[in-house]
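In: Following is a predicted model, sequence given first.
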Amino acid sequence: MADMLKVLGLTKIFTLHLLGGKKVVGCKGISFCLRAGEVLGISAPSGAGKSTILKCIYRTYIATAGQALYLSSDGNIIDLIQASENDIISLRQREIGYVSQFLRVVPRVSAINVVAEKLLINGWEESKALKVSASLLEYLGIPKDLWEASPVTFSGGQQQRINIARAVINRPRLLLLDEPTASLDDQAKQRINDLILDLKRSGSAILIASHDRENLELVSDRILFLNYVDEANLRRESINVCKVAHN
């Protein structure tokens, strides 16, 4: 399968203006490739830059240096680091999904509408979009009596399932997952893993950052391990990629 994403020399340096312009390295010199139909895990200690890598690719953060070359559905290669805001918004709506560690939604919008949003943006008939949303909520174990409520009132685990549902509902070509199973019980984890593997089989490229090494090994084809030594905030990254041997 072709490379869906090629990350080259990705670096993010934060400037802390409230601390006199102190520089803190979020990630430095990160390079890897991710193929269509592949799951790549990122495993690292806290503070090693897992979330920063995903946020730079999704453009929540503006990277300081490097490239993130994405093969879009129209065959064009787009550098997600340099692309225009309009191009990034369009890609997010059509083909790149992202699950953060925290749910951010417009208040008073119901859970079923939050999940259906991408389908509605892409022109789906409302009744059909809501039907697909309801099916996904049911699969993920969100009680039906909560579907019309705002997810800001939900438990942490329920909010994370809403986060995942709205990211996968349009079956993105590229899916970025930041600690997707951190607050979930074993049954919910299994259902999320099944969703990930189903997307993989359909050709999605999936990047997962997680502390949960055991769960990463269940779904990943390869795992990228990041280690660092922090000396005066100059972080030396070492990267090791291993292939997961599934039974």
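Out: That came through, no problem. Numbers count the residues shown, from 1 in each chain.
In: Grab the longest helix from the protein for me.
Out: Ranked by residue count, the top helix of the chain under DSSP state H comes out as helix 186-201.
In: now for the following helix or strand past that helix, which elements pack on it?
Out: Once the chain leaves helix 186-201, the next helix or strand it forms, by DSSP states H and E, is strand 205-209. Contact here means 3 or more CB pairs under 8 Å, 6 or more residues apart in numbering; DSSP states H and E; on that basis strand 205-209 packs against strand 3-16, strand 22-35, strand 39-43, helix 50-58, strand 174-178, helix 186-201. C-beta coordinates here come from the backbone N, C-alpha and C atoms, glycine included.
In: Report the central residue of the chain.
Out: With distances taken as CA atoms, centre = their mean, the residue of the chain nearest its centroid is L176 (2.1 Å).
In: can you pull the contacts of it?
Out: Contact analysis of L176 by CB atoms under 8 Å, 6 or more residues apart in numbering lists L54, I57, Y58, I96, G97, Y98, V99, L207.
In: From L130, how far off is it?
Out: Per CB to CB, to the nearest Å, L176 is found 26 Å from L130.
In: returning to what we had before: identify the bridge partners of the residue nearest to the centre of the chain.
Out: Y98, L207 (DSSP bridges).
In: so how far is V24 from it?
Out: 22 Å.
In: Ok, S31 next?
Out: Noted for S31: a distance of 21 Å to V24, by CB to CB.
In: do D74 as well
Out: As for D74, its distance to V24 is 37 Å (criterion: CB to CB).
In: out of those two, which sits in the busier spot?
Out: V24 (14 against 7; other CB atoms under 10 Å).
In: Please name the nearest non-neighbouring residue to that one.
Out: For V24, ignoring the flanking residues on the chain, the nearest one in space by CB to CB, 6 or more residues apart in numbering is F14 at 4.6 Å.
In: okay, now that neighbour: neighbour count?
Out: When neighbours are counted by other CB under 10 Å, F14 comes out with 14.
In: Please name the residues that touch it.
Out: K23, V24, V25, G26.
In: same thing with S204?
Out: Per CB under 8 Å, 6+ apart, neighbours of S204: A36, G37, R171, P172, R173, L174, L175.
In: Recalculate using a threshold of 10 Å.
Out: 4, 36-39, 95, 97, 168, 171-175, 196, 198 (CB atoms under 10 Å, 6 or more residues apart in numbering).
In: What subset of the residues you listed is buried?
Out: Among those, those buried by neighbour count (16 or more other CB atoms under 10 Å) are 4, 36-39, 95, 97, 168, 172-175, 196.
In: and the residues you listed as TSV, adding distance to E148 and pLDDT?
Out: Converted to TSV, the buried ones among the contacts of S204 look like this (distance: CB to CB, whole Å; pLDDT from 0 to 100):
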residue	distance to E148	pLDDT
M4	36	95
A36	37	96
G37	37	96
E38	38	96
V39	34	97
E95	29	96
G97	24	96
V168	21	96
P172	26	97
R173	31	97
L174	31	98
L175	27	98
I196	28	96
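In: Next one: A167 relative to S100, how far apart?
Out: Counting by CB to CB - A167 and S100 are separated by 9 Å.
In: Please check the contacts of L176 and keep the buried ones.
Out: The buried subset of those - by 16+ other CB under 10 Å - is L54, I57, Y58, I96, G97, Y98, V99, L207.
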